[in-house]
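# Next comes the sequence, and after it the predicted model I'd like to discuss.
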Amino acid sequence: MAAGFGKEDGLPQPKRFTRRNPELRRRAGTGEVLFGTMETWLIWNLTGGPAGGEHVTDVTNVSRTMLMNLQGLCWDRDLLSLFDVPEAMLPRIVSSGGEAWTAKKVLPGVPIAGVLGDQQAALFGQTCFEPGEAKCTYGTGAFLLLNTGTELVRSTHGMLTTVAFRLGQEAPHYALEGSIAVAGSLVQWFRDSLGLVRSAPEIETLARTVDDNGGCYVAPAFAGLFAPRWRGEARG
């Protein structure tokens, strides 16, 4: 499995933290120290925190940790061993919807009935429920997701494979994702650094004054190149 990882694809954080602090590593191994992604922290705190909070993560968010088996939807023991991550500190993996918890400390009584990762939530919100349906979200970066249905598709062109969503005990839907690091932030650079425009909307006004790009292309590698190149050192 390790052969499939690029030099920028690992998950060094838990390993680094626990190596620096042997006591933290020991406590992680016994489940006294917990680990998770953002929604794990939110749900845990909303449902009680140290006083019995739910320690969970959904299949879309955990797809990004590179520690879950995408087909089995469970923690991959080989990957945990590879990265030296104690399973005892990891949250329980749940579906995106179908299992509900109740907030206690904050917003008491409010049910928490759905959990989705950032781009998968955008795909779901755009009602891309069927295979072949896709969305592209433009923000600081740009993220194109294509619903591949219940078939897990491995890209041969540098796209990411992820769980798109899973409802209850139904089969999960998967997606291919093409990620671009810089989109809206390039417009900000035009405005703040180059002074070409006074406001972001002026970019569209300028674009409409010409028939085409005149053969000019920009590869905004301010933060490296994402799909399909995955070159973190790239600049331009």
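Looks like it arrived, so ask away.
# secondary structure class for the residue positioned nearest the centre of the chain?
The residue lying closest to the centre of the chain (C-alpha atoms, centre = their mean) is residue 64, at 4.9 Å. Assigned state for residue 64: helix (three-state reduction, DSSP: H, G, I helix; E, B strand; the rest coil).
# going on from the helix or strand of the chain with the lowest mean pLDDT, what's the next piece of helix or strand?
Averaged element by element with mean pLDDT, DSSP states H and E, the chain has its least confident helix or strand at helix 13-20 (a mean of 59). Sequence order places helix 22-29 as the next helix or strand after helix 13-20, per DSSP states H and E.
# So which elements touch the helix or strand hosting residue 189?
If you go by DSSP H and E, residue 189 is part of helix 184-189. Packing contacts for helix 184-189, counted by 3 or more C-beta pairs under 8 Å, 6 or more residues apart in numbering; DSSP states H and E, involve no helix or strand. Heads up, the C-betas are built off the backbone N, CA and C, glycines and all.
# what pLDDT does the closest residue to residue 164 other than its chain neighbours get?
In this structure, residue 164 finds its nearest non-sequential neighbour in residue 175, 3.8 Å apart by C-beta to C-beta, 6 or more residues apart in numbering. The per-residue pLDDT reported for residue 175 equals 97.
# partners of the helix or strand residue 175 falls within in the sheet?
Element membership of residue 175, judged by DSSP H and E, is strand 173-180. Paired strands of strand 173-180, with direction, are strand 142-149 (antiparallel), strand 160-165 (antiparallel) (DSSP bridges).
# taking those together, which one is wrapped up most tightly?
Stretch with highest mean neighbour count among the strands paired with strand 173-180: strand 160-165 (a mean of 23; mean count of other C-beta atoms under 10 Å).
# For that one, output the C-alpha coordinates as PDB.
Extracted in PDB, the C-alpha atoms of strand 160-165 (Å, rounded to 0.1, in the frame of the first residue of the first chain):
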ATOM      1  CA  LEU A 160      -8.800  12.000  -5.900                       C
ATOM      2  CA  THR A 161     -11.200   9.200  -5.100                       C
ATOM      3  CA  THR A 162     -13.500   9.800  -2.100                       C
ATOM      4  CA  VAL A 163     -16.700   8.800  -0.500                       C
ATOM      5  CA  ALA A 164     -19.400  11.300  -1.700                       C
ATOM      6  CA  PHE A 165     -22.000  10.400   0.900                       C
END
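# Touching it from outside, list them.
For strand 160-165, contacts defined as C-beta atoms under 8 Å, 6 or more residues apart in numbering pick out 59-60, 63-64, 70, 73, 96-97, 116, 120, 123-124, 145, 147-148, 152-155, 172-179, 227.
# and with 7 Å instead?
Contacts with strand 160-165, where a contact means C-beta atoms under 7 Å, 6 or more residues apart in numbering, come from 59-60, 63, 70, 96, 116, 120, 123-124, 145, 147, 152-155, 172-177, 179, 227.
# picking that back up, report the buried residues of the strand holding residue 175.
If you call a residue buried by 16 or more other C-beta atoms under 10 Å, then strand 173-180 has these buried ones: 173, 174, 175, 176, 177, 178, 179, 180.
# cool, and stretch 27-39?
The neighbour-count check on stretch 27-39 (16+ other C-beta under 10 Å) flags 27, 28, 33, 34, 35, 36, 37, 39 as buried.
# Turn those residues into CSV, columns for pLDDT and distance to residue 51.
Below are these laid out as CSV (pLDDT from 0 to 100; distance: C-beta to C-beta, whole Å):
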residue, pLDDT, distance to residue 51
27, 90, 19
28, 86, 21
33, 90, 17
34, 93, 14
35, 92, 19
36, 94, 17
37, 93, 22
39, 96, 19
